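K.L.:
quick one: sequence and predicted model below, then my questions.
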Number of protein chains: 2
Amino acid sequence: MSSMRIMISRAAASRVLSSVGKLPEEVERAVLLSRSTFGNIRTMASKAITIENINPNILKLEYAVRGPLVIRAAEIEKELEKGAKKPFKRVIKANIGDAHAMGQVPITFIRQVLACVSYPELIDKGDFPADVKQRARDILGACGGGSVGSYSASHGIELVRRHAADYIARRDGHPARWQDVCLSSGASTAIKNCLQLLCNDVGGKKSGVMIPIPQYPLYSASLAEYGLEQVGYYLDEKTNWGLSTEELERSLKEAQKHCNVRALVVINPGNPTGQVLTRENIEAVLRFAREHRLFVFADEVYQDNVYADGSQFFSFKKVLRELGPEFGELELASFMSVSKGYMGECGLRGGWVELVGMEPDVQANLYKCVSAMLCPTVLGQTAVDCVAKPPAKGEPSYDLWIKEKTAVLDSLKERAKMIVETFNQMQGFKCNIVQGAMYAFPSISLPPRAVDAARAARQAPDVFYAFRLLEETGICVVPGTGFGQYPGTYHFRTTILPQPALLKEMLDIFKAFHEKFTKEYS
Amino acid sequence: MSSMRIMISRAAASRVLSSVGKLPEEVERAVLLSRSTFGNIRTMASKAITIENINPNILKLEYAVRGPLVIRAAEIEKELEKGAKKPFKRVIKANIGDAHAMGQVPITFIRQVLACVSYPELIDKGDFPADVKQRARDILGACGGGSVGSYSASHGIELVRRHAADYIARRDGHPARWQDVCLSSGASTAIKNCLQLLCNDVGGKKSGVMIPIPQYPLYSASLAEYGLEQVGYYLDEKTNWGLSTEELERSLKEAQKHCNVRALVVINPGNPTGQVLTRENIEAVLRFAREHRLFVFADEVYQDNVYADGSQFFSFKKVLRELGPEFGELELASFMSVSKGYMGECGLRGGWVELVGMEPDVQANLYKCVSAMLCPTVLGQTAVDCVAKPPAKGEPSYDLWIKEKTAVLDSLKERAKMIVETFNQMQGFKCNIVQGAMYAFPSISLPPRAVDAARAARQAPDVFYAFRLLEETGICVVPGTGFGQYPGTYHFRTTILPQPALLKEMLDIFKAFHEKFTKEYS
């Protein structure tokens, strides 16, 4: 099979490898190695895994948030470190929702508890508030041998699952069963585990999963990885990324010609689009899902990130429960994470899924599958516990916790406003209000000559624009292509995470670049 | 499709659910729900995911280390808590390699560094050794925004990858490239990511993966999950679980009739079998792999756990490098974890894979796939860093580190010896020397009447034995069926992890049980 390999040029090889996430020195090595082996088919044939016989789904998988542009940004950072002269001093990474990396300060309570459970001597010796010490004792008491170094149950520590269920019940005003909360190392793992249940070509047709366009690329990547059919439904940019049932029906009908549509993903608050669904909208989605017997994936990791006046977060579970008993059969998985919200603890990898209405034997199989992976990180679970059960009023850590939480959310609200206002002052930009989440996703109109130049460079026009932006200003955003967009429109996603002064600087630089770019191609 | 569902009895449903990992109350609810829906096919049909249309690979997947017996053990613990009267006071969990849960004390250096990176105020304020503080500063300096709450690169923090590569180079006396070390949340994730590359039915035949029998059930579970063909090769119990090339050849030849055998898994030191491969044996395996162009999975997570006089750990990478340049093309993935060794930090989820000889574009695709999962836990990576670069001689933490490490390994050595000696004194037991790892896997001869009783109970004889052991003594081991065993032989796996006094108690109870059991069925 390896003998079918076609020789490609060094430049082409370099392009291919860049596009799949290699660092420059690794690309260099890859090219050298490939060249040395091209002359010797026997040598090539001696590899057990080649591009020809690798899992084809892995080849298809793409994840733009860490794609070629971001790899180039890392290269530029290294070049700057080595003293390269550029028209800018630093790379501004507005590509990924990584709050602490952009200067957001951790919540003290979470970190003090983490320190205490990691090194329990601090509980007695350290100068920590009583509620921190008590929390650490509670968590250690729920760990085998009183150590966070023990495996927990695969679906998480019972105490933490109970706290997460209490949090959900408080949030929604409806009971939540702790047995239906499954902890995970970040929401992504939980999402993938649930998607994987759908892999079954019933009647010779693939299972299809409806996802919004634009979407968060974990979904497109995971669908590709699992060989599931991606069924896109467009969000309507003109109505602030509205989700209409007409569009859901259109998309479903179209897809049913070639696949079994079995699930529907909704991201609320929206990533990359920043809208917050109204209650009526959620009701309509649930009616649609019930009518067509779709499993609902409610990606609600930004539930704390709501900024716009008049916007409010309603969980799908709450709306489901209030729609009436005939909705009791509907299956829903709601995902939560400690990486977003006011805590922004991405690196800790803590999250959960609440499973609602899932068939018990299906749920048992999901839990069995999870068990082979042993357990989610216990320190990540500790962070989940702190978020699910934050300090209560009257407890020593409460005031600081509320102060820190409010400061983060107020600042994000301010930045969400600032970014939208600035973009809308820029010619050719149109940016919907950022009601929630952590991103703006403006549309940009590009001069026809820029579109031609992009084509000549064999790049999508928005990718071309984003690369130029990066090379000339050091600002790293993700082109709309990575999320999906209505044909003929161009966008990019930027986070609202740079701290206010840096964000202002970024927006000024951006403005100047865009004027220059537009002038150049007009 | 749901209408094809077949009604099953409450008892059968309960059995099925127990076998897939449900807690008793969840089983109860499942049975009740199932019964209420059996009468109403319309209701059943309203579910999007059912046992009939779920991913069939998930149904097949089994993971004995957390299987039905372990679930029953957890039930018994809860019953004891509620005051139930049993012929024993506590459950002894000898089913899983969970060192801290069995009383092993964490390594101070690791935990102090974890506390400092979690709550950096401790670096200046806390009373920690200078090298702890410096390590914490180094790690934070390598984190975005100086916070472990930031995402790291998907394949891990460069600094930690460099330290891991240095560790490997020191261990083997051969260079290791940090770019070929990919960090992960525990070794299991890394193993699964590499296995997944093989999913490709080239020429209409499934890819096959050779695994030892007995094996660690992560392999059988993952092969089932990915739809890969399990190709078992027997380890020879008579020669201390020897790995012979004749058996490898037999197994390969047999499997090639129906699948493309593309990879070979070796676990060294062995799990569940405890053998440590000789250098000559590793050479033979590598020759076999090269001849048949197999990708080698070297599961070397127990590399620090070698106890027997005359036994020594050789990494596959070292032997590969020393076999000569013609072996340079061979592909090898070597897995390491902080969950085992002397640290036993299972709950932190830290591990790595070193990729050797992998095609650069295949490696790029693996890294791309990993990137969609964002990053391994940064606190897990911190633990990896401490293990890869422990305190050096002369540094303030060195003496304590070496003392703690030695104490753990010496005690494990003593327990490995104690368990084998005791088992071999028991009639009908035969236990190979535990040269390494954390388990004993004795064979037991069961009286024919016990085998009949097991059959009547529709259980494998070793499962029947292990359930009786659990119910009568509270000792939880894993039956040989979960790992695979030569037909007609019966085994179980026990860890050597209970602390010496408890282990002695356990062995005494075990002995009394076995005598009683044998008498009962003779």
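P.N.:
That came through fine. Predicted model only: the values in this text are computed from it and were never measured.
K.L.:
who touches residue A:365 in this structure?
P.N.:
Counting by CB atoms under 8 Å, 6 or more residues apart in numbering or on different chains, residue A:365 touches A:197, B:20, B:51, B:54, B:58-59. (Glycine included, C-beta is placed from N, CA and C.)
K.L.:
using PDB, list the CA coordinates for the helix or strand containing it.
P.N.:
Element membership for residue A:365 (DSSP states H and E) is helix A:360-371. What follows is helix A:360-371 as a C-alpha-only set of coordinates in PDB (Å, rounded to 0.1, in the frame of the first residue of the first chain):
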ATOM      1  CA  PRO A 360     -30.900   3.800  32.200                       C
ATOM      2  CA  ASP A 361     -29.200   1.000  30.300                       C
ATOM      3  CA  VAL A 362     -27.700   3.500  27.900                       C
ATOM      4  CA  GLN A 363     -26.500   5.500  30.800                       C
ATOM      5  CA  ALA A 364     -25.000   2.400  32.400                       C
ATOM      6  CA  ASN A 365     -23.100   1.700  29.200                       C
ATOM      7  CA  LEU A 366     -21.800   5.300  29.100                       C
ATOM      8  CA  TYR A 367     -20.600   4.900  32.700                       C
ATOM      9  CA  LYS A 368     -19.000   1.600  31.900                       C
ATOM     10  CA  CYS A 369     -17.200   3.200  29.000                       C
ATOM     11  CA  VAL A 370     -16.000   6.000  31.200                       C
ATOM     12  CA  SER A 371     -14.700   3.500  33.800                       C
END
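K.L.:
and whichever helix or strand comes after that helix, what does it pack onto?
P.N.:
Beyond helix A:360-371 in the direction of the C-terminus, DSSP H and E gives the next helix or strand as helix A:378-388. Counting contacts by 3 or more CB pairs under 8 Å, 6 or more residues apart in numbering or on different chains; DSSP states H and E, helix A:378-388 packs against helix A:108-118, helix A:130-141, helix A:158-172, strand A:351-356, helix B:378-388.
K.L.:
what's the most buried one of those?
P.N.:
Here the criterion is mean neighbour count by mean count of other CB atoms under 10 Å in any protein chain shown, and of these the winner is helix B:378-388, at a mean of 30.
K.L.:
where does the stretch 1-150 of chain A dip in pLDDT?
P.N.:
A:1-45 (pLDDT under 70).
K.L.:
also chain A?
P.N.:
A:1-45.
K.L.:
how is it partitioned into domains?
P.N.:
A:2-54, A:64-103+A:404-520, A:152-376 (automatic domain parsing).
K.L.:
straight-line length of the last one, end to end?
P.N.:
Spelled out, that is domain A:152-376. Domain A:152-376 has its terminal residues 8 Å apart, counting by CA to CA, to the nearest Å.
K.L.:
please state the offset of that domain from the chain centre?
P.N.:
13 Å (CA atoms, centre = their mean, to the nearest Å).
K.L.:
and of the domains of chain A, who's closest to residue B:301?
P.N.:
Closest to residue B:301 of the domains of chain A, according to CB to CB: domain A:152-376, at 12.1 Å.
K.L.:
quick check, residue A:372 in contact with residue B:222.
P.N.:
Yes - using CB atoms under 8 Å, residue A:372 makes contact with residue B:222 at a distance of 7.0 Å.
K.L.:
need the winner for burial among the domains of chain A.
P.N.:
domain A:152-376 (a mean of 22).
K.L.:
tell me the two of the contacts of residue A:365 that are most distant?
P.N.:
Counting by CB to CB, the most remote pair of the contacts of residue A:365 is A:197 and B:20, 13.2 Å apart.
K.L.:
following the biggest helix by length in chain A, which helix or strand comes up?
P.N.:
As assigned by DSSP state H, the longest helix anywhere in chain A is helix A:398-425. Counting by DSSP H and E, the element after helix A:398-425 in chain order, helix or strand, is strand A:429-430.
K.L.:
neighbouring strands for that following strand, and are they parallel or not?
P.N.:
strand A:443-444 (antiparallel) (DSSP bridges).
K.L.:
show residues contacting the strand it pairs with.
P.N.:
A:237, A:428-431, A:462, A:465, A:480, A:489-492, A:514.
K.L.:
what sits against the closest residue to residue A:445 other than its chain neighbours?
P.N.:
Counting by CB to CB, 6 or more residues apart in numbering or on different chains, residue A:428 is the residue found nearest to residue A:445 once chain neighbours are left out, at 4.3 Å. By CB under 8 Å, 6+ apart, the residues touching residue A:428 are A:444-446, A:514, A:518.
K.L.:
with distance to residue A:395 added, can I get the helices and strands packed on helix A:378-388 in TSV?
P.N.:
Formatted as TSV, the helices and strands packed on helix A:378-388 follow (distance: least, CB to CB, whole Å):
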stretch	distance to residue A:395
helix A:108-118	9
helix A:130-141	4
helix A:158-172	15
strand A:351-356	23
helix B:378-388	25
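K.L.:
of those, which is nearest residue B:115?
P.N.:
helix A:108-118 (4.3 Å).
K.L.:
so the closest one, near chain B or not?
P.N.:
Yes - looking at helix A:108-118 against chain B by CB under 8 Å from any CB of the partner chain, the contacts come from A:111-112, A:114-116, A:118.
K.L.:
in the helix or strand just after that helix, what's buried?
P.N.:
As assigned by DSSP H and E, the chain's next helix or strand after helix A:108-118 is helix A:121-125. For helix A:121-125, the neighbour count (16 or more other CB atoms under 10 Å in any protein chain shown) marks A:122-123 as buried.
K.L.:
can you show me the CA trace of stretch A:122-131 as PDB?
P.N.:
Coordinates of each C-alpha in stretch A:122-131 appear next as PDB, following Å, rounded to 0.1, in the frame of the first residue of the first chain:
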ATOM      1  CA  LEU A 122      -1.200  23.300  55.200                       C
ATOM      2  CA  ILE A 123      -4.600  22.600  56.700                       C
ATOM      3  CA  ASP A 124      -3.200  22.700  60.200                       C
ATOM      4  CA  LYS A 125       0.000  24.800  59.600                       C
ATOM      5  CA  GLY A 126      -1.100  27.200  56.900                       C
ATOM      6  CA  ASP A 127      -2.800  30.600  57.400                       C
ATOM      7  CA  PHE A 128      -6.000  29.800  55.500                       C
ATOM      8  CA  PRO A 129      -9.600  30.700  56.300                       C
ATOM      9  CA  ALA A 130     -11.600  28.200  58.200                       C
ATOM     10  CA  ASP A 131     -14.000  27.400  55.300                       C
END
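K.L.:
before I go, just wanted to say thanks for your time.
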